[in-house]
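build me a model from this:
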Amino acid sequence: MGDSQNENQPLLRDEEENVSTISPIGPDELPPPYQQAGMPMVACRVCQAMIDISGKREQHVVKCSDCNEATPIRNAPPGKKYVRCPCNCLLICKSSSQRIACPRANCKRIINLAPSPVTPPVPTLPGMRRVICGHCQDTFLYQILKKAPVRCPHCRKVSSVGKVKNKRGVMFGVLAVIVFAIALGVTLGTLSAAKTHGGGVYVAYVGAFILALLLGSRSIYYFTMKESKYELEPGM
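Model prediction:
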């Protein structure tokens, strides 16, 4: 029996050593990009080598060419979270996951996940809310008192927060119809007189119709704009 117990003890210790408890990577732990020689760069979270992210801003992670490990450059997709295994393997799992296994053949470590880092509170400024970008699904702060489209700080694309785009689309659409109606009425009412006054009047006609076209295209731009939504706050 003694020999049997001695044989089992190393196996139990090995199994315990292969279990780790770590915290997921929170939004405030992502490396901030900065410009170097005109190229956006981030530092690898494993070896600290610089990684060029030109043309990769819409990706969630980038791979380091020096150590071949992945580094996140954007928040995890909705419902997911990042976890860095002690072997440096970057894992993406469900936000509700409590226990995961590293897929690397030379690791296979079982990881117990500590509670996710608390999301930083929204600054106590009037009208400040968190919104989810309609393009990249990342979260950013928006001042709702502006009531205007906003450019996402992550993907740099413009979107409408709430129904702002519909109001502006209707406004430009109405202006386009009014200007077009005025231009058409003036054109038909003064067409005979324009023949005697030369090409200057025709230029005014064309200018009025171009203005109506520009207003109409602006209306279409707002109606087809992506919409960003407010992030649900606890208790809502």
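
to what extent is Ile178 buried, counted in neighbours?
Using other CB atoms under 10 Å, Ile178 has 12 neighbouring residues. The way it works is simple: take the backbone N, C-alpha and C, and place the C-beta from them, glycine included.

from Phe223, how far off is it?
18 Å (CB to CB, to the nearest Å).

got it, and Ile51?
39 Å.

looking at these two, which is more packed in?
Neighbours were counted for Ile51 and for Phe223 using other CB under 10 Å; Ile51 has more, 20 against 15.

how about the more buried one, what does it touch?
The neighbourhood of Ile51, defined by CB atoms under 8 Å, 6 or more residues apart in numbering, consists of Met41, Val42, Ala43, Cys44, Val62, Lys63, Cys64, Ser65, Thr71.

now name the helix or strand holding it.
When elements are assigned from DSSP states H and E, Ile51 belongs to strand 50-52.

how many residues are close by Ile73?
So Ile73, with other CB under 10 Å, has 21 neighbours.

that one touches Asp52, doesn't it?
No - Ile73 is beyond contact range of Asp52, at 11.4 Å (criterion: CB atoms under 8 Å).

domains of the protein?
8-113, 128-230 (automatic domain parsing).

end-to-end on the last one?
Spelled out, it's domain 128-230. 11 Å (CA to CA, to the nearest Å).

and the closest residue to Ala70 other than its chain neighbours, what's its pLDDT?
Closest residue in space to Ala70, ignoring its immediate chain neighbours: Leu90 at 4.1 Å, by CB to CB, 6 or more residues apart in numbering. Predicted confidence (pLDDT) for Leu90: 91.

try Gly185
Per the predicted model, pLDDT is 82 at Gly185.

burial count for it?
That count, for Gly185 with other CB under 10 Å as the rule, works out to 10.

phi first, then psi, for it.
phi -60, psi -50 (degrees, to the nearest 10).

where does the chain have low pLDDT?
1-17, 26-38, 115-126, 191-201, 232-236 (pLDDT under 70).

what about the helices in it?
Secondary structure of the chain (DSSP state H): helices at 2-17, 164-189, 191-197, 199-223.
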